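Novice: Quick one: sequence plus predicted model below, questions after.
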Amino acid sequence: MSAVPHPRASEDQAQPSARRSLAAALLLGALGAAIALLSGGQIWSEGTASAAQGALPLAVSGRDVTGLPAALAVVGLAALVAVFAVRRAGRTVVAGLLALSGAAAVLTSFLGASDTAALRAEAARATGLAEAGAEHVTHTAWPWVSAAGGLLLLLAGLLALRHGRHWPAMSGRYERDGRSAPARTRTAPDPDRPEEIWKALDRGEDPTRDG
């Protein structure tokens, strides 16, 4: 005769796994957002522009190339926090938004790694010539670092989709059965203590009514 697993035992076994996945998602999400935001402020590409006074050095940051990875990192970080504020279907939707933000950050960082439009715009600004081009263009590793940050956000979203239903909610105002905690009973103020009567009036209570 086969033994039937006790529901309580299954729940106890699932709790450590839920805690590990929660810690991993928080770490990956926070780290990924920080990396993507940091990368956006770094130099992504460099080059030179020819002018009458010689070759002018050019450099553009990630935000000059595309502001999308940093913006998506902010969205992903907000979604990571919001995962704990919602339940059931809402949690799945927010977790999906977190994963999509990470995937989009990876894609936009990848596209920005070879972009030269920002350098051409910088060349036009530096020389005052609308048709000025950028020469000797080189790209740094920061776009790939930004993509790595987006990948971490994507992994955090996938963890939330897979294990999020087992994670605790942020609010602790309600008990497990969904009912609000009972309010504390108030006793009638002591008529011999005027300060209690004033406090009752401040609360909107009738101090002449018995508790």
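Specialist: Nice, I can see it. Numbers count the residues shown, from 1 in each chain.
Novice: Show me what the longest helix anywhere in the chain packs onto, helices and strands only.
Specialist: Identified as the longest helix of the chain according to DSSP state H is helix 7-40. Other helices and strands packing on helix 7-40, by 3 or more C-beta pairs under 8 Å, 6 or more residues apart in numbering; DSSP states H and E, are helix 62-65, helix 68-82, helix 88-112, helix 142-163. Using the backbone N, CA and C atoms, a C-beta is placed for each residue, glycine as well.
Novice: What residues of the helix or strand that the third one is followed by count as buried?
Specialist: Right, helix 88-112. Where DSSP states H and E defines the elements, the next helix or strand beyond helix 88-112 is helix 117-127. By 16 or more other C-beta atoms under 10 Å, the buried positions in helix 117-127 come out as 118-124, 126-127.
Novice: Equivalent analysis for stretch 88-105, please.
Specialist: Buried residues in stretch 88-105 (16+ other C-beta under 10 Å): 91-92, 94-95, 97-105.
Novice: Ok, stretch 48-58 next?
Specialist: Those would be 48-49, 56, 58, for stretch 48-58 by 16+ other C-beta under 10 Å.
Novice: Reformat the residues you listed as CSV; add distance to Ala134.
Specialist: Converted to CSV, the buried residues of stretch 48-58 look like this (distance: C-beta to C-beta, whole Å):
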residue, distance to Ala134
Thr48, 7
Ala49, 6
Leu56, 10
Leu58, 6
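Novice: with those in mind, which one is nearest to Ala25?
Specialist: Distance to Ala25, by C-beta to C-beta, is smallest for Leu58 among the buried residues of stretch 48-58, at 39.9 Å.
Novice: which SS class is that closest one?
Specialist: strand (DSSP: H, G, I helix; E, B strand; the rest coil).
Novice: what about stretch 96-105, distance to the chain center?
Specialist: Relative to the centre of its chain, stretch 96-105 is centred 10 Å away, using C-alpha atoms, centre = their mean, to the nearest Å.
Novice: Identify the residues contacting the residue lying closest to Ser17 once chain neighbours are set aside.
Specialist: Leaving aside its sequence neighbours, Ser17 sits nearest to His163 (C-beta to C-beta, 6 or more residues apart in numbering; 7.2 Å). By C-beta atoms under 8 Å, 6 or more residues apart in numbering, the contact list for His163 reads 17-18, 21-22, 25.
Novice: Just the buried ones from these?
Specialist: Applying 16+ other C-beta under 10 Å to the contacts of His163 flags 18, 21-22, 25 as buried.
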